[in-house]
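**Student:** Here you go, sequence then predicted model.
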Amino acid sequence: MKNPSFQAAQTAEMKTVLGADKKLIGILRNEGRPVSVSLPLAAIESVRSFQDVLDELSIEGKINVAHKATSSLALISAIKGHATIDVASEAELANALEVGFASSDISATGPKSTKFLKQLVDHETTIIIDSLGELNRLIALLRRDNEVTVLLRITRTLLNIPSIDKKSRFGFDQENLSQALSLIQAQKSIKFRGIAFHLDSQSIEERQYAVRQSLDLLIDIQAA
């Protein structure tokens, strides 16, 4: 039995790259190592397609692209103006600033060193806080002239469908969330923007449930 042959869909940009096979082979021989090829137009088209879905559903919001998905400055530069960017290290922050992202279009996720936190404070980016310890370190760095926007990352246990018992290493449970909100309320320099979460699942059902839980949680916070 002959195996079926599958042909991946190709954009005009991909066809141009694939058509330059002699040039690509020359680059590979010259570099002597694996080489990645960035497709900036494909990235822009992906963002636009996602935005079209949001528009169709009458959902307002920003599309946030994770820098960690690529090391290509050309690609990061291409999406500027089409999406905001998520950074998870000092190097990624430097790249985002280098290609011209405004501080208001940069958010930072993941565990952060005190040095990284200070850079985020200095540039007044949005900071997604993972823990009480990180929040306390952030507060210690604030000056009177600072204004920092934060989101609080919620732990998996607050978002799970009742039949699921997965846990996450980072994020706030109900008790720590209440403490964090009290700390933020006492800080004039901190603007609480909302909550964030990450699910290690491709399940649409789990994601829908997590969004509903998050919205209910936000309503409770607003009512408090």
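**Tutor:** Sure thing, it's come through.
**Student:** Where does the residue nearest the centre of the chain sit: helix, strand or coil?
**Tutor:** Geometric centre of the chain, nearest residue: Asp86, 3.8 Å, by Cα atoms, centre = their mean. Here Asp86 is recorded as strand under DSSP: H, G, I helix; E, B strand; the rest coil.
**Student:** Run through the bridge partners of it.
**Tutor:** Beta bridges link Asp86 to Ala66, Ser107, judged by DSSP bridges.
**Student:** Was I right to think it contacts Asp105?
**Tutor:** No: if you go by Cβ atoms under 8 Å, Asp86 and Asp105 don't touch, sitting 10.3 Å apart. Just so you know, the C-beta spots here come from the backbone N, C-alpha and C atoms, and that holds for glycine as well.
**Student:** picking up where we left off before, contacting residues around the residue nearest to the centre of the chain?
**Tutor:** By Cβ atoms under 8 Å, 6 or more residues apart in numbering, Asp86 lies in contact with 64-68, 107-109.
**Student:** do the same with Arg48
**Tutor:** Contact partners of Arg48, counting by Cβ under 8 Å, 6+ apart, are His82.
**Student:** what about it, distance to Thr84?
**Tutor:** From Arg48 across to Thr84, the span is 15 Å (Cβ to Cβ, to the nearest Å).
**Student:** Ok, Ala94 next?
**Tutor:** Distance from Ala94 to Thr84, by Cβ to Cβ: 17 Å.
**Student:** show me where pLDDT drops low in this structure?
**Tutor:** Low-confidence segments of the chain (pLDDT under 70): 1-8.
**Student:** Longest helix of it, counting residues only.
**Tutor:** Criterion DSSP state H: the longest helix present in the chain is helix 204-223.
**Student:** Now do the phi/psi pair for Thr125.
**Tutor:** Phi and psi for Thr125, reported as degrees, to the nearest 10, are phi -80, psi 170.
**Student:** Pull out the buried residues from the longest helix of the chain.
**Tutor:** Under the neighbour-count criterion of 16 or more other Cβ atoms under 10 Å, helix 204-223 has 206, 209-210, 213-214, 217 buried.
**Student:** can you pull the contacts of Glu98?
**Tutor:** Applying Cβ under 8 Å, 6+ apart to Glu98 gives the contacts Leu73.
**Student:** ok, 10 Å please
**Tutor:** Neighbour list for Glu98: 73, 76-77 [criterion: Cβ atoms under 10 Å, 6 or more residues apart in numbering].
**Student:** just those residues now: which is nearest Ser189?
**Tutor:** Ile76 (29.1 Å; Cβ to Cβ).
**Student:** rewinding a little: now the buried members of the contacts of Asp86.
**Tutor:** 65, 67, 107-109.
**Student:** Turn those into a markdown table, including distance to Glu90.
**Tutor:** Conversion of the buried ones among the contacts of Asp86 to a markdown table gives the following (distance: Cβ to Cβ, whole Å):
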| residue | distance to Glu90 |
| --- | --- |
| Val65 | 19 |
| His67 | 12 |
| Ser107 | 15 |
| Ala108 | 10 |
| Thr109 | 14 |
